[in-house]
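Trainee: Sequence plus predicted model, see below.
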Amino acid sequence: MISQQIHSSKCLLLGWALLTLSMGASAKEDPASFLEFSTDFDAKCVVRGGVMIYISNTHSTGKIKVLLERWYMDNRTADRGRSVLMPGAEPEALGCSLVSDGKQEWKVLKTEWVN
């Protein structure tokens, strides 16, 4: 009877350890550290004198939910963007860096791992 309880306890501990390990980096690391902004020349942006701004997930396996806010001419706007960025996916286009001769950018408000 006692040996069965010990065996059950060992199995529970092993199961807990495996579950913790299977969560991997996602459970321990800040998802924001795996976000990357990049730029590229896009015809509609180049005409305006700017570049297209992209965001991507650099994590190898984890999906990241991100909430972004748009800034225009160094002022926060009411615009918010929500996305779930998949690992290994193409970068997601956010918009041009210049709009009507004013600088446009995005800042991360919140990130979280998606199961």
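Mentor: Here it is on my side, so go on. Numbers count the residues shown, from 1 in each chain.

Trainee: Any idea which helix or strand in the chain has the lowest mean pLDDT?
Mentor: Across the helices and strands of the chain, mean pLDDT, DSSP states H and E gives its lowest value to helix 2-28, namely a mean of 51.

Trainee: Tell me the helix or strand right after it.
Mentor: Helices and strands here follow DSSP states H and E; after helix 2-28, the next one along the chain is strand 35-40.

Trainee: Mind listing the strands that next one pairs with, and their directions?
Mentor: In its sheet, strand 35-40 lies beside strand 52-57 (antiparallel), with partners assigned from DSSP bridges.

Trainee: Could you pull up the mean pLDDT of the partner strand?
Mentor: Here strand 52-57 scores 98 as its mean pLDDT.

Trainee: can you check stretch 96-107 too?
Mentor: Rounded mean pLDDT across stretch 96-107 is 94.

Trainee: what residues does that stretch touch?
Mentor: Identification of contacts with stretch 96-107 by C-beta atoms under 8 Å, 6 or more residues apart in numbering yields 37, 39, 42, 44-45, 48-53, 55, 68-74, 81, 94-95. The way it works is simple: take the backbone N, C-alpha and C, and place the C-beta from them, glycine included.

Trainee: try stretch 74-86
Mentor: Here stretch 74-86 has contacts from 35, 55-57, 63-71, 92, 94, 103, 106, 109, 114, using C-beta under 8 Å, 6+ apart.

Trainee: repeat for stretch 38-54
Mentor: 37, 55-56, 91-99, 101, 104-106.

Trainee: what's the offset of that stretch from the middle of its chain?
Mentor: 22 Å (C-alpha atoms, centre = their mean, to the nearest Å).

Trainee: Would you mind listing the buried residues in that stretch?
Mentor: Within stretch 38-54, the residues scored as buried using 16 or more other C-beta atoms under 10 Å are D42, C45, G50, V51, M52, I53, Y54.
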